[in-house]
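In: sequence plus predicted model, see below.
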Amino acid sequence: MSKYSQLDSIRLLATLPHPCGYLEDREATTVFVDPEAPVDQALYSRLSELGFRRSGNYLYRPQCATCNACIASRVPVELFTPNRNQRRCWRRNSDLEILHQTDIDTEEHYALYAHYLEQRHADGEMYPPSRDQFRSFLNNPWGTTKYLEFRDRGRLIAVAVTDVLSAGISAIYTFYDPDAERRSLGSYSILYQIDWARRLGLASVYLGYWIESCQKMAYKSHFQPLETLENHRWSRRGD
């Protein structure tokens with residue numbers, strides 16, 4: 001079965017309208033791939049090209065009736081040029097040890113995850129943290145996920161959850177020690193994934209949805225050039 005006929009056979013389901021997690025006073029509707037549908041790396045990769053993201057076992061895309069503020073974004077690896085602040089961030093973290101793991105279901109990883117949510121996202125949808133939520137949200141349903149550990153002299157200070165696709169990397173989530181603010185670990189995680197994608201010969205790093213009027217999403221526009229999916233077409237967005 002070709003990837004196109006495979007897409008034609010996929011059933012999409014939609015949520016009821018619910019409060020938007022990013023923009024106040026707006027309602028959101030999400031479509032997601034039928035959880036019973038067989039998914040592999042090739043299908044997941046194709047859906048990413050169409051603007052879908054992964055959360056746990058679900059592949060989803062916003063499809064709101066009156067709003068199109070959520071725009072899929074990605075960095076074209078070969079065209080990316082770090083700015084001065086990003087070059088400083090790269091040098092500042094050159095002492096870290098980075099390990100690629102296939103599982104992070106340990107007390108050490110969960111403690112960092114819980115501390116991160118408690119300090120940085122106590123007002124978010126994922127708070128309060130729980131072990132079940134941790135396992136569900138960050139799991140590896142189709143064998144595409146790598147967990148990147150960032151360690152400072154052995155101490156775990158950040159984890160990047162990353163899916164390796166056919167032609168790119170999807171940066172799913174990064175959590176880190178809020179007390180290591182000077183390191184800018186969120187930015188460094190993306191810089192590392194762009195560098196890793198380049199070494200793997202992959203074309204893009206998918207950063208998820210960018211919302212122009214949402215401050216939480218502003219960091220994505222710092223990685224230039226940034227490509228966004230609008231009107232079913234990926235195109236470059238200016239700084």
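Out: Alright, I've got the coordinates.
In: tell me the secondary structure for the most centrally placed residue in the chain?
Out: The C-alpha lying nearest the average C-alpha coordinate of the chain belongs to Ile172 (C-alpha atoms, centre = their mean; 2.6 Å). Here Ile172 is recorded as strand under DSSP: H, G, I helix; E, B strand; the rest coil.
In: give the contact list for it.
Out: 53-54, 138, 145, 161-163 (C-beta atoms under 8 Å, 6 or more residues apart in numbering). From N, CA and C alone the C-beta is placed, and that goes for glycine too.
In: residues touching stretch 41-55, excluding its own?
Out: Residues contacting stretch 41-55 (C-beta under 8 Å, 6+ apart): 3, 6-7, 10, 33, 59-61, 72, 137, 141-144, 163-168, 170, 172, 206, 208-209, 229, 234.
In: any idea how far Asn93 lies from Tyr58?
Out: Distance of Asn93 to Tyr58, computed by C-beta to C-beta, to the nearest Å: 32 Å.
In: neighbour count for those two, which is higher?
Out: Remark: of Asn93 and Tyr58, Asn93 carries more neighbours, 22 against 17, as counted by other C-beta atoms under 10 Å.
In: which non-adjacent residue is nearest the more buried one?
Out: Leaving aside its sequence neighbours, Asn93 sits nearest to Tyr188 (C-beta to C-beta, 6 or more residues apart in numbering; 4.7 Å).
In: now do the same for the one you found: its pLDDT.
Out: Tyr188 carries a pLDDT score of 98 in this model.
In: how about the one 3 residues further on?
Out: For Leu191, the model assigns a pLDDT of 98.
In: low pLDDT regions in this protein?
Out: 1-7, 122-125, 127, 238-239 (pLDDT under 70).
In: those helices in it, which residues are they?
Out: Remark: helices assigned in the chain by DSSP state H are 3-8, 41-49, 84-92, 107-120, 131-137, 185-200.
In: export those helices to TSV and append columns for mean neighbour count and distance to Tyr22.
Out: Converted to TSV, those look like this (neighbours: other C-beta atoms under 10 Å; distance: least, C-beta to C-beta, whole Å):
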stretch	mean neighbour count	distance to Tyr22
helix 3-8	12	27
helix 41-49	19	20
helix 84-92	13	24
helix 107-120	16	16
helix 131-137	14	17
helix 185-200	20	17
